[in-house]
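**Q** test case, fold it:
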Amino acid sequence: MVVLGVDIGGTKIRMGIIDSDGQVVVDHVVPTQVPLYPFLEENVLELIEKYPQIQAIGIGTRGMVDAENGVITFETETLPGWQGTEVKSLLEKATGLRVEVNNDANCAGLAEARLGAAKGFRRTVCLTVGTGLGGGIVLDGQILNGTHGGGGEVGHLILYPNGHVCTCGRPGCSEQYVSGTALRRQIEERQILDDNQQLISPHQLFGMANAGHVEALSLTKKFTSDLAIVISSLQAVLDMDCVVIGGGVSESANEWWHYLEEALEPLLLKPLTVKKAQFRNEAGMLGAALLVIDDVNESASKNLEDVR
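**A** So this is what the prediction gives:
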C-alpha cells in the first residue's frame, strides 16, 4: 500500500510515493508553474497512471489552508491565483481518491514529530527557517490548524512593532527578521562584503561571524536573539516539550547554534529541548503523506480482518 505526498513550494513541487512505513519509494520533482491549477492535477494524474497502486493523496502547500475543506484561504503573490482554490474537492473529483491538504510547515512538523527529531515527544513546534519563517505545531500527534487555517503561522508573530513591513502588509512580523530573506536584506543594509566586494550569503555570514568579523557577528547574534525571542514567546503560550528547527538556513546551524543557545538561556521559562531537524527537503512531502497514510493503513487492516 502506498500514498502520494506532494509538497508545493514557490519554485518547485516535490511529489513522493510513500509506503506504509513512511519510506520514500519514488521521488519526483517538477518546477512550479502558474496557474498552479490545473498544472498540479495534470502532474498528479500522470503519476497515478504510472503508479496505479497509489491509494490516497496528501498535499502540503504554502499559505493558509482550511484543512477541513482543503481550500487555500490565504496566499501571497508568490503563487498568483492559488488563494481560494478548492484543492481537495477538485483533486478528489479528478482522481477518485481521498485527498487531504494542509500547510507545508504543518506537514514538516508532522514528519518531524512522527518520524524525525521530535519522535517520542508529545508537544512539538517545528520552525522552518528558509525563505520565510514557517511553523508547524503538533500536539499529541495532531496538527494545530486553528479556526481559519492559520495555526502555526509563526512568521507573522509581531516581533518589532513599527518594524519592517511584511509581505502580509503588517509591520514587524518575525519572518522579516528570522529568515533567509531577512538576512539577505540586512546584509545589504549593512553592506557586508566578501573579499571580491560582493554581498555575502547567509551561509558566509555565519562563517565570517565565527572568524571574528565584527559586523557579521553583530548580525548573527541579532538573528539568533530574535529566533530565541520567538521560541520563548511560543513556550509561554504552548509549553511545548520540543522545538525542531529546519529549513534552508538551518543547514548552516552548526555555525550559529551556540549563539542561539546563549540567547535562549535567560529567556526560557521551563526546560526545553531544542533540536535540529532530521529531515531536510523531504520533510514537507513526508508530512503530506502522513495526512492520509494512517487511514490507508487502518483500511487495509480492516479489509484483512474481514477476509479472515
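
**Q** correct me, but Ser89 touches Glu68?
**A** No. Ser89 is beyond contact range of Glu68, at 11.9 Å (criterion: CB atoms under 8 Å). Bear in mind the C-beta positions are built from the backbone N, C-alpha and C, glycine included.

**Q** intersection of neighbour lists for these two?
**A** Contact criterion CB atoms under 8 Å, 6 or more residues apart in numbering; residues shared by Ser89 and Glu68: none found.

**Q** tell me where this protein has helices.
**A** Using DSSP state H, the helices found in the chain span residues 36-50, 87-95, 104-114, 180-190, 202-210, 214-238, 253-264, 283-307.

**Q** could you dump those helices to a markdown table with mean pLDDT, mean neighbour count and distance to Ile143?
**A** Shown next, in a markdown table, are the helices of the chain (pLDDT from 0 to 100; neighbours: other CB atoms under 10 Å; distance: least, CB to CB, whole Å):
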| stretch | mean pLDDT | mean neighbour count | distance to Ile143 |
| --- | --- | --- | --- |
| helix 36-50 | 96 | 16 | 21 |
| helix 87-95 | 98 | 18 | 15 |
| helix 104-114 | 95 | 30 | 5 |
| helix 180-190 | 97 | 17 | 24 |
| helix 202-210 | 96 | 21 | 29 |
| helix 214-238 | 98 | 18 | 13 |
| helix 253-264 | 98 | 17 | 24 |
| helix 283-307 | 73 | 19 | 8 |
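
**Q** out of these, which is closest to Lys270?
**A** For Lys270, the closest of the helices of the chain is helix 214-238, at 6.9 Å, according to CB to CB.

**Q** that closest one to helix 253-264, inter-axis angle?
**A** Angle of helix 214-238 versus helix 253-264, following axes from the mean of the first three to the mean of the last three CA atoms, to 10 degrees, is 60 degrees.

**Q** which residues are in contact with helix 214-238?
**A** Under the contact criterion CB under 8 Å, 6+ apart, helix 214-238 has outside partners 123, 125, 127, 129, 133, 135, 137, 139, 154, 157, 159, 174, 177-178, 182-183, 186-187, 190, 192, 200, 205-206, 208-209, 240, 243, 245, 256, 259-260, 262-264, 267-270, 272, 274.

**Q** over to stretch 23-43?
**A** Against stretch 23-43 from outside (CB under 8 Å, 6+ apart): 2, 6, 8-19, 47, 51, 79-82, 85, 87, 90-91, 94, 282, 285-286.

**Q** next, the distance between the ends of it.
**A** 21 Å (CA to CA, to the nearest Å).

**Q** how far is it from where the chain is centred?
**A** What separates the centre of stretch 23-43 from the centre of its chain is 17 Å, taken as CA atoms, centre = their mean, to the nearest Å.

**Q** what do you get for stretch 149-163?
**A** Using CA atoms, centre = their mean, the offset of stretch 149-163 from its chain centre is 15 Å.

**Q** surely Asp140 touches Arg123?
**A** Yes. In this structure, Asp140 is within contact of Arg123 by CB under 8 Å, at 7.3 Å.
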